[in-house]
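In: Compute the structure for the input listed below.
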Amino acid sequence: MAIGVNVDGTCDSRFSAVREAFVENFAAHGDVGAAVCLVLDGRPVIDLWGGVRDRRSGDPWRDDTIVTTFSSTKGVTAICANLLIERGLLDPDAPVARYWPEFAANGKADIPVRFVLSHRCGLPYVDDSDGELGLAEMQAWDPIVERLAGQRPIWEPGSAHGYHMRTYGWLTGELVRRVSGRRPARFFAEEIAGPLGLSYWIGLPDAEHHRSATLVPPDPPPAELLPMLAQLMGPGTLMHRVINSPKGMETYDERWNEPEYRRLELPSSTGAGDARSLARLYAACVGPLADGTPRLLSAATVAAASTVEAAGPDRVLTIFDSCYGLGFTLPPMLAPGCGPRSFGHPGAGGSLGFADPEAGLGFGYVMNRMSNVAAPAPGDDGQPGANGDPRTVGLVEAIYQAL
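Out: A predicted model of the protein is given here:
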């Protein structure tokens with residue numbers, strides 16, 4: 001064990017190698033504070049946490065510590081959308097404009113819901129050329145979705161796909177609102193988090209800030225990565241436009257530890273919670289839980305949601321291929337070694353939540369030290385990594401070896 005790092009929690013002896021991999025993340029991969037959880041066949045078999053919640057104060061990571069998970073939020077929002085699909089309230093083949101009439105503007109009348117969920121609708125950024133969109137407009141919600149409703153797609157919808165890094169959350173979130181009458185944070189809290197007993201929110205309530213971990217910004221990228229980063233997100237690239245949408249959002253910095261950013265309802269990016277909740281949420285998508293909680297999504301819904309909708313060259317990521325289902329990222333965009341039918345979403349800096357219906361598992365990993373090597377799909381800080389974050393790679397590899 002790394003000197004000065006305490007790891008607490010429980011781990012079934014069958015998965016002792018996962019505990020070793022978790023400890024190794026502190027010793028070899030720079031973890032400061034983190035948690036990992038695995039729910040197998042409805043029962044938690046790994047629930048570990050360790051390190052410090054705040055590096056400056058030395059306050060330890062506790063069993064109730066939560067943290068921002070950035071783009072892992074997209075998977076949570078996808079679960080909301082697929083629950084509405086299962087209930088017959090949202091049709092993936094219906095035009096978005098059936099639910100959101102204003103969206104029909106500028107040639108978008110026939111774009112189906114599934115194009116929004118699979119990053120194919122051609123709206124990867126919010127047009128902020130007038131500089132009028134900022135934190136206040138994001139907090140208000142309507143100015144952002146109204147701007148998106150009026151935009152023209154930058155490619156023929158359905159002809160290509162590209163990572164809608166933030167707009168995925170507003171587009172899908174507005175569909176949730178139009179169908180359910182509730183913004184996505186409230187819908188998730190009332191329909192999913194509450195019934196499942198999760199400590200996870202889309203936008204962190206003020207009453208929970210006291211137990212949130214302090215994020216540690218990523219180190220500057222190593223010199224050998226700079227040419228790749230310039231190719232991916234340098235000035236003039238589409239990714240550069242995407243990560244500057246709205247302006248002022250282009251980099252990760254200490255602002256994400258400020259209350260106004262923690263409480264921001266960004267269904268693509270500002271989910272906050274613990275590994276236990278991510279694992280329980282995804283496990284509930286693929287089976288009933290051992291405490292009697294019924295499964296959240298039917299097998300048919302899961303099969304449809306985890307079927308490949310778009311794969312191959314990504315218009316935004318450019319130097320990486322991507323693979324999307326109905327709101328979820330699919331292998332190989334999850335940690336290498338995940339089962340072929342796995343679905344979920346990674347987040348900037350290293351967080352990950354996913355389910356494997358064939359193995360009957362739900363997995364969650366959260367941390368406060370953001371890595372420069374994120375999952376293959378960059379998260380909100382745009383940091384890429386062709387081979388996944390070594391912390392989740394090691395954990396997932398150890399899980400599947402044990403299985």
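In: from the chain's centre, how far out does the helix or strand where F363 lies sit?
Out: Taking DSSP states H and E as the definition, F363 sits inside strand 361-367. Mean-position distance between strand 361-367 and its chain equals 11 Å (CA atoms, centre = their mean, to the nearest Å).
In: just stretch 331-345 next, same as before
Out: Worked out by CA atoms, centre = their mean, stretch 331-345 lies 13 Å from the chain centre.
In: still on that earlier bit, what is the mean pLDDT for the strand holding F363?
Out: Within the predicted structure, the mean pLDDT of strand 361-367 is 98.
In: Tell me which helix or strand comes right after it.
Out: For strand 361-367, the following helix or strand on the C-terminal side (DSSP H and E) is helix 390-402.
In: got the contact list for that following helix?
Out: 14-15, 17-18, 20-22, 24-25, 28-29, 31, 34, 36, 38, 46, 334-339, 346, 350, 352, 359, 361, 363, 365, 367, 371, 373, 375, 387 (CB atoms under 8 Å, 6 or more residues apart in numbering). Any C-beta I mention is one placed from the backbone N, CA and C, and that applies to glycine too.
In: Can you say which of the residues you listed are buried?
Out: Among the contacts of helix 390-402, those buried by neighbour count (16 or more other CB atoms under 10 Å) are 15, 17-18, 21-22, 24-25, 29, 31, 34, 36, 38, 46, 334-335, 337-339, 346, 350, 352, 359, 361, 363, 365, 367, 371, 373, 375.
In: Show only the entries of the residues you listed found in strands.
Out: Under the assignment DSSP state E, these contribute A34, V36, L38, I46, P346, L352, L361, F363, Y365, M367 to strands.
In: Tell me what the residue nearest to the fourth one when sequence neighbours are not counted is bridged to.
Out: Read it as I46. The shortest distance from I46 to any non-neighbouring residue, by CB to CB, 6 or more residues apart in numbering, is to L38 (4.0 Å). L38 has the following beta-bridge partners by DSSP bridges: I46, F363.
In: mind listing what L38 touches?
Out: By CB under 8 Å, 6+ apart, the contact list for L38 reads F15, V18, P44, V45, I46, A279, L361, G362, F363, I399.
In: Leaving out sequence neighbours, find the closest residue to the fourth one.
Out: What it means is V45. Sequence neighbours aside, D12 is the residue nearest to V45 in space, at 4.2 Å (criterion: CB to CB, 6+ apart).
In: Next: the third one.
Out: The spatial neighbour of P44 that comes closest, neighbours along the chain excluded (CB to CB, 6+ apart), is C37 at 6.4 Å.
In: Just confirm that neighbour contacts G364, I think it does.
Out: Yes - shown here, C37 and G364 form a contact pair, counting by CB atoms under 8 Å, at 4.8 Å.
In: So between those two, which is more surrounded?
Out: Counting neighbours by other CB atoms under 10 Å for C37 and for G364 shows that G364 has the greater number, 30 against 27.
In: can you pull the pLDDT of the most centrally placed residue in the chain?
Out: Note on the chain: the residue nearest the mean C-alpha position is S72, at 1.5 Å, using CA atoms, centre = their mean. The predicted local confidence for S72 comes out at a pLDDT of 97.
In: Over to A2?
Out: At A2, the predicted lDDT confidence score is 47.
In: Over to N244?
Out: According to the prediction, N244 has pLDDT 86.
In: burial measure for the residue nearest to G325 when sequence neighbours are not counted, as a count.
Out: If the residues on either side of it in the chain are set aside, G325 comes closest to S306, at 4.9 Å by CB to CB, 6+ apart. A count of neighbours around S306, defined by other CB under 10 Å, yields 25.
In: Alright, that wraps it up for me.
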